[in-house]
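J.: predicted model, plus sequence, below.
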Number of protein chains: 2
Amino acid sequence: MTEKKHIFSILVDNQPGVLSRIAGLFSGRGYNIESLCVAETADPLISRITMVTTGDSQIIEQIKKQLFKLINVIKVHDLSDTDCVRRELILIKVSAKPGNRAEILRIADIFRAKIVDVSTEHYTIEVTGNEEKLKAIQVLLKPIGIMEIARTGNIALLRESK
Amino acid sequence: MTEKKHIFSILVDNQPGVLSRIAGLFSGRGYNIESLCVAETADPLISRITMVTTGDSQIIEQIKKQLFKLINVIKVHDLSDTDCVRRELILIKVSAKPGNRAEILRIADIFRAKIVDVSTEHYTIEVTGNEEKLKAIQVLLKPIGIMEIARTGNIALLRESK
């Protein structure tokens, strides 16, 4: 048993039902989907699903084969062992008491994050990066007071630089 | 019939099957999900699903009521008519012939986009924003040659500034 993180990029016809079938393939085997993004590609008839899951490589290999057979699935790319650009976007609403504001701005600056909403008591921060970077900023903001988080989950494109 | 864009933020138990059931609710009524993001919240036992769909408000209202009744669904927020920060992340791989590179960098600069991968023939650009901004950069890059796109779909948090 080799448990590892897998990332799939799946091109599908933009039709109702395809997402439910794909999600069902994973849940039917008791596999949880860690993160998932679905959005249209440049061609509005085709959507791309990017999915991250952790599990036994053999079972994931079986699921991959079944993915290919599903109706409306056009292409399945397994990006797990490839060199790809992986990014995620996260919005963090943080308590911004006067005594903490300078520290929040310092942290935002270090992580090249943007303040996208400000009220008398909150800042909302937008930041992108890989998993490690986004974990790190959350660790730093936690003691200040994270009120709410929204994450997109990972998207990925193959690197051409290698 | 009032067709409009709806955005839902749904908190769910991080359990296999919940995504498939939610997606099934929409596809069962022939409703397409335009974009969808799933990722863990600060509490790893709870995930947040952000979903965008377009349709008749009355039917969406029915779907919303059914969402509440699903197993493992904790909270359903309808952010459609609220003032919220909405953001999406997009990776665009663009053909970067020598004659086009300066123009690509100019466009990236204007949209505060980052070049995250460079090869002899491609640039990969990371950019965040709302729908209009992300459409605009794609319109500008299209004649230069977009090779591949990966989008996260929308995430959203309520604004506190109003």
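T.: Ah, there it is. Residues are numbered from 1 along each chain as shown, chains lettered A, B, ... in the order given.
J.: run the chain-centre distance for the lowest-mean-pLDDT helix or strand in chain A.
T.: Taking mean pLDDT, DSSP states H and E as the measure, chain A has helix A:57-69 as its least confident helix or strand, at a mean of 87. A distance of 21 Å separates the C-alpha centroid of helix A:57-69 from that of its chain, computed with CA atoms, centre = their mean, to the nearest Å.
J.: quickly check: it near chain B or not.
T.: No: when contact is scored as CB under 8 Å from any CB of the partner chain, no part of helix A:57-69 falls within range of chain B; the minimum is 12.2 Å. C-beta coordinates here come from the backbone N, C-alpha and C atoms, glycine included.
J.: so what secondary structure elements neighbour that helix?
T.: The helices and strands touching helix A:57-69, judged by 3 or more CB pairs under 8 Å, 6 or more residues apart in numbering or on different chains; DSSP states H and E, are strand A:3-13, helix A:18-27, strand A:73-78.
J.: 6 Å instead, please
T.: Using 3 or more CB pairs under 6 Å, 6 or more residues apart in numbering or on different chains; DSSP states H and E as the contact criterion, the neighbours of helix A:57-69 among helices and strands are strand A:73-78.
J.: would you mark the buried spots in stretch A:21-38?
T.: Under the neighbour-count criterion of 16 or more other CB atoms under 10 Å in any protein chain shown, stretch A:21-38 has A:21-27, A:31-38 buried.
J.: among those residues, which ones lie close to chain B?
T.: Among the buried residues of stretch A:21-38, the residues that sit close to chain B (CB under 6 Å from any CB of the partner chain) are A:23-24, A:27, A:32, A:35-38.
J.: so which residues of chain A form strands?
T.: Along chain A, counting by DSSP state E, strands occupy A:3-13, A:35-40, A:46-56, A:73-78, A:84-95, A:114-118, A:122-129, A:146-151, A:155-158.
J.: make CSV out of the ones you listed and add mean pLDDT.
T.: What follows is the strands of chain A, written out as CSV (pLDDT from 0 to 100):
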stretch, mean pLDDT
strand A:3-13, 90
strand A:35-40, 94
strand A:46-56, 91
strand A:73-78, 94
strand A:84-95, 96
strand A:114-118, 96
strand A:122-129, 97
strand A:146-151, 94
strand A:155-158, 94
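J.: need the residues that contact stretch A:147-155.
T.: With contact meaning CB atoms under 6 Å, 6 or more residues apart in numbering or on different chains, stretch A:147-155 is reached by A:35-37, A:50, A:52, A:86, A:88-93, A:95, B:37-39, B:41-42, B:48, B:89, B:91, B:150, B:152, B:155, B:157.
J.: same check, this time on stretch A:93-103
T.: Contacts to stretch A:93-103, defined as CB under 6 Å, 6+ apart, come from residues A:104, A:122-124, A:141, A:144-148, B:157.
J.: of these, keep whichever come out buried.
T.: If you count burial by 16+ other CB under 10 Å, the buried members of the contacts of stretch A:93-103 come out as A:104, A:122-124, A:141, A:144, A:146-148, B:157.
J.: farthest pair within the residues you listed?
T.: Based on CB to CB, the longest span within those runs between A:Ile144 and B:Leu157 and measures 16.7 Å.
J.: specify the residue ranges that define each domain of chain A.
T.: Taking automatic domain parsing as the criterion, chain A consists of the domains A:4-78, A:85-158.
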